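Asker: This is a predicted model, with the sequence first.
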Amino acid sequence: MLRAAYRSKRVVKIRGQFAGILGTFGRRIGSDFYYGEIFKFYNLKLTGKWLNVNEQAPAEEEDLQELNVPEHLKPGLEAFPFLLHSPTHTLFFLSQESDEHLGPVDAARYFRELLNQPRLAEKYGKIKITVVPDEDALKKILSLPDLRRLHIEISPPNPDDLNKLEKKIKERLKNQNAKKVVTVLVAEKGESLEPDEETRLLSEVAAINGYVEGRGATESGKVQTFSTKEHPMRAPSVYDPDVETVETALLGAAEKYLARLLGRRGTNRG
C-alpha cells in the first residue's frame with residue numbers, strides 16, 4: 001500500500017505551512033524492512049499579499065514582477081528516514097537530526113491522511129494509525145494507587161504475525177461486523193480498580209492497536225486522567241557518522257524495540 005501511496009505523489013499538510021511528500025520508498029533491507037523517506041518542506045504560497053521587509057511595508061506590484069518561483073519548487077527541505085517492518089506493520093522513523101524535527105503526532109497525522117486518500121481508501125479500506133506509546137505509559141496507568149476508571153479501546157490488529165489474543169480479538173470483531181471493541185471498568189465507590197491478568201493483556205493489545213485511558217488519584221491525592229495517546233514512544237540514540245549511517249542506526253533501534261515487543265507477546269502465542 002505504501003508503494004501506491006508513493007506513486008500517488010500526494011502532498012499532505014503536516015503543520016502550519018509545512019507539508020510532506022514521500023520522497024523515497026521500497027528499498028528492502030534484510031528480510032522484513034523497507035526503507036523510505038518523508039520529505040518535509042515549506043509549502044510556499046505564491047498568491048496573496050507579500051511583504052517588503054526593507055521598507056517594512058506591503059510589497060508593490062513592481063517588486064513582485066521580479067518574483068519567479070516555479071510552483072513545483074519548494075523551500076526548506078528536510079528528509080526524515082523511516083523503516084517499515086512488514087510483519088508487524090510497525091513504522092520507525094528519525095524524528096530529529098538537525099534543528100528541524102517531525103514529531104510522532106505529526107508523523108501519524110501525515111500517514112493517516114496519506115493512506116486514507118480517496119483513491120487508496122476505495123481500494124484498501126480505511127487505515128487506522130496508532131502512535132506506539134512510551135513503554136512506561138501503560139504501567140503508570142495500571143499502577144495508579146487509586147484507579148477509578150479504566151477505558152480500553154481496541155481497533156482490529158493489523159500485523160500479520162498476531163499472538164493468540166490478538167487473533168481472537170480480530171476474529172470477534174470481524175464476525176460481528178464491528179470496527180472496534182471498547183471495555184470500560186468503573187470502580188465501586190470508595191474502592192480502587194485492581195486490573196486482573198485478562199484486563200492487563202487487553203490493555204497491552206490496546207496500547208499498540210488503539211489506546212488506554214485511566215482516571216484516578218495519584219500518590220499526591222490529585223485526581224488526573226492519563227492516556228497512552230499523550231505519551232508517544234521516543235528512543236534517543238547517538239550514532240557516529242564515521243562508523244555507521246543513519247539507516248543502520250535506525251535499523252538497530254528498530255530491532256531492539258521489536259525484540260522487546262516480541263518477547264512480551266511470546267508468552268501469549270498460539
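Answerer: That came through, no problem.
Asker: Is F18 bridged to anything, and to what?
Answerer: F18 has the following beta-bridge partners by DSSP bridges: R15, Y42.
Asker: Does it touch N43 like I think?
Answerer: Yes. Assessed by Cβ atoms under 8 Å, F18 is found in contact with N43 at 6.7 Å. Backbone N, C-alpha and C define where each C-beta goes, glycine included.
Asker: what about dumping the CA coordinates of whichever helix or strand I152 is part of to CSV?
Answerer: Using DSSP states H and E, the element containing I152 is strand 146-154. In CSV, the C-alpha atoms belonging to strand 146-154 read as follows (Å, rounded to 0.1, in the frame of the first residue of the first chain):
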residue,chain,number,x,y,z
ASP,A,146,-6.4,4.9,43.3
LEU,A,147,-7.6,3.9,39.8
ARG,A,148,-11.3,4.8,39.5
ARG,A,149,-11.9,4.4,35.8
LEU,A,150,-10.2,2.4,33.0
HIS,A,151,-11.1,2.8,29.3
ILE,A,152,-9.6,0.3,26.9
GLU,A,153,-10.3,0.7,23.2
ILE,A,154,-9.0,-1.7,20.5
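Asker: residues of the helix or strand following that strand that come out buried?
Answerer: Under the assignment DSSP H and E, the closest C-terminal helix or strand after strand 146-154 is helix 164-175. Neighbour-count burial for helix 164-175 flags 165-166, 169-170, 173 (criterion: 16 or more other Cβ atoms under 10 Å).
Asker: where in this structure is pLDDT low?
Answerer: The chain contains residues with pLDDT under 70 at 159-162, 263-270.
Asker: Which stretches in it count as helices?
Answerer: 2-8, 61-64, 104-115, 118-124, 135-142, 164-175, 197-208, 246-266 (DSSP state H).
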